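[1] curious how this folds, go ahead:
(2 chains)
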Amino acid sequence: MKRLLSLYPRWWRERYGREMGVLVDELPSRTGVALDLLLGAAIAYAFVIRGHRILSAAGAYLHGLCVAVLLQAIGFVLLILYSQRSPGGVNTDVGLGPFHFAAVLWPVDFFSPRSLAQALTRLLPLDWLPAIGLLVVLVATLVLVMTAPRLLRTSR
Amino acid sequence: MRKLSAAVSLVLLGVLAVAVAEASLVALIVLFSAVLKLNLTIELGLHYLHLSLPAAPYRPEVAVYNAGSIASVLFTAAGGAVAATWKFRRWRAPR
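    Residues are numbered from 1 along each chain as shown, chains lettered A, B, ... in the order given. The predicted structure follows:
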């Protein structure tokens, strides 16, 4: 458990390391304590990063990348849901002028006896559930990522 | 010279971060295609990355074209650059 203290920044260890080591020795070795120590290390590093202009901008850059990736993943799931707006699906093309970025193409198979059953199956809400589930998870992750810096700031 | 090497390092790290972010996005899209049972095609220059499900032939095919891949990289890099610029300009020393 005491090894987790080495994850803290050097200035923090020089200032609080000795008394924190004594405190950790007295605490029981539980998962909750380990998680508290890890969170404390993250907060200590966030404090260091916030105090340095370049590091702060670099952190914001990584944060911006995470948000952009999550937004694109949400866009992907929304595209799939949008293409399922009518039974049998609708071919959907995402483009801007002469540029075509992505497309959802639904198979047309009039001669198959299974095609009617397939079209009816697509009407059922069960077919939409995995996409809705993914969307909820992604939006929750986006909210967490957007609020994480503020949460770290206020939990100091 | 030190400033130049610092600037080059910064650019290289930025490009590396975008590459990792794009790889994560591709991994997410492949995972979602498996979960939603989609046939996925990603156009990469003259090559195609194609993932198809033999067990579900009536599922839709999602195609990401070259323009989509380029736009995705630009959007990701722009997201990071805007956030970094915003932070750099509005930075205040913590009290």
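[2] identify the residue spatially nearest to the one residue sitting closest to the centre of chain A, adjacent ones excluded.
    Centroid check for chain A by Cα atoms, centre = their mean gives A:T141 as the closest residue, at 3.9 Å. Excluding its sequence neighbours, the residue lying closest to A:T141 (Cβ to Cβ, 6 or more residues apart in numbering or on different chains) is A:L70, at 6.1 Å. C-beta coordinates here come from the backbone N, C-alpha and C atoms, glycine included.
[3] could I get the buried residue list for the one helix or strand the one you found maps to?
    Using DSSP states H and E, A:L70 falls within helix A:53-83. Buried residues in helix A:53-83, counted by 16 or more other Cβ atoms under 10 Å in any protein chain shown: A:56-70, A:72-74, A:76-77, A:79-80, A:83.
[4] for residue 78, give me its contacts.
    Reading this off chain A. For A:L78, the contact set (Cβ atoms under 8 Å, 6 or more residues apart in numbering or on different chains) comprises A:L135.
[5] wait, chain B
    B:A78 makes contacts with A:A68, as judged by Cβ under 8 Å, 6+ apart.
[6] tell me the confidence at it?
    Note on B:A78: pLDDT of 97.
[7] continuing past the lowest-mean-pLDDT helix or strand in chain A, what's the next helix or strand?
    In chain A, the helix or strand scored least confidently by mean pLDDT, DSSP states H and E is helix A:114-123, which has a mean of 55. As assigned by DSSP H and E, the chain's next helix or strand after helix A:114-123 is helix A:129-154.
[8] tell me how far that following helix lies from the chain's centre.
    6 Å (Cα atoms, centre = their mean, to the nearest Å).
[9] any buried residues in that helix, and which?
    Across helix A:129-154, burial judged by 16+ other Cβ under 10 Å covers A:A131, A:L134, A:L135, A:L138, A:L142, A:P149, A:L152.
[10] angle of that helix against helix A:53-83?
    Helix A:129-154 and helix A:53-83 are oriented at 160 degrees to each other (axes from the mean of the first three to the mean of the last three Cα atoms, to 10 degrees).
[11] what packs against helix A:129-154?
    Helix A:129-154 sits against helix A:31-50, helix A:53-83, helix B:2-35, with contacts defined as 3 or more Cβ pairs under 8 Å, 6 or more residues apart in numbering or on different chains; DSSP states H and E.
[12] list the buried residues in the first one.
    Right, helix A:31-50. For helix A:31-50, by 16+ other Cβ under 10 Å, it's A:L37, A:G40, A:A41, A:I43, A:A44, A:Y45, A:A46, A:F47, A:I49, A:R50.
[13] tell me which ones among those residues also neighbour chain B, please.
    A:F47, A:R50 (Cβ under 8 Å from any Cβ of the partner chain).
[14] save the buried residues of helix A:31-50 as TSV, and put in distance to A:D93 and pLDDT too.
    Supplementary listing: these in TSV, determined by distance: Cβ to Cβ, whole Å; pLDDT from 0 to 100:
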residue	distance to A:D93	pLDDT
A:L37	51	89
A:G40	50	89
A:A41	48	90
A:I43	47	86
A:A44	49	88
A:Y45	45	87
A:A46	43	84
A:F47	48	84
A:I49	43	86
A:R50	44	84
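[15] dump the buried residues of helix A:31-50 to a markdown table, plus distance to B:L74.
    Below are the buried residues of helix A:31-50 laid out as a markdown table (distance: Cβ to Cβ, whole Å):
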| residue | distance to B:L74 |
| --- | --- |
| A:L37 | 40 |
| A:G40 | 38 |
| A:A41 | 35 |
| A:I43 | 34 |
| A:A44 | 35 |
| A:Y45 | 30 |
| A:A46 | 29 |
| A:F47 | 33 |
| A:I49 | 27 |
| A:R50 | 29 |
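[16] of the buried residues of helix A:31-50, which is the nearest to B:A21?
    A:I49 (19.0 Å; Cβ to Cβ).
[17] chain neighbours aside, what residue packs nearest to that closest one?
    Sequence neighbours aside, A:L55 is the residue nearest to A:I49 in space, at 4.6 Å (criterion: Cβ to Cβ, 6+ apart).
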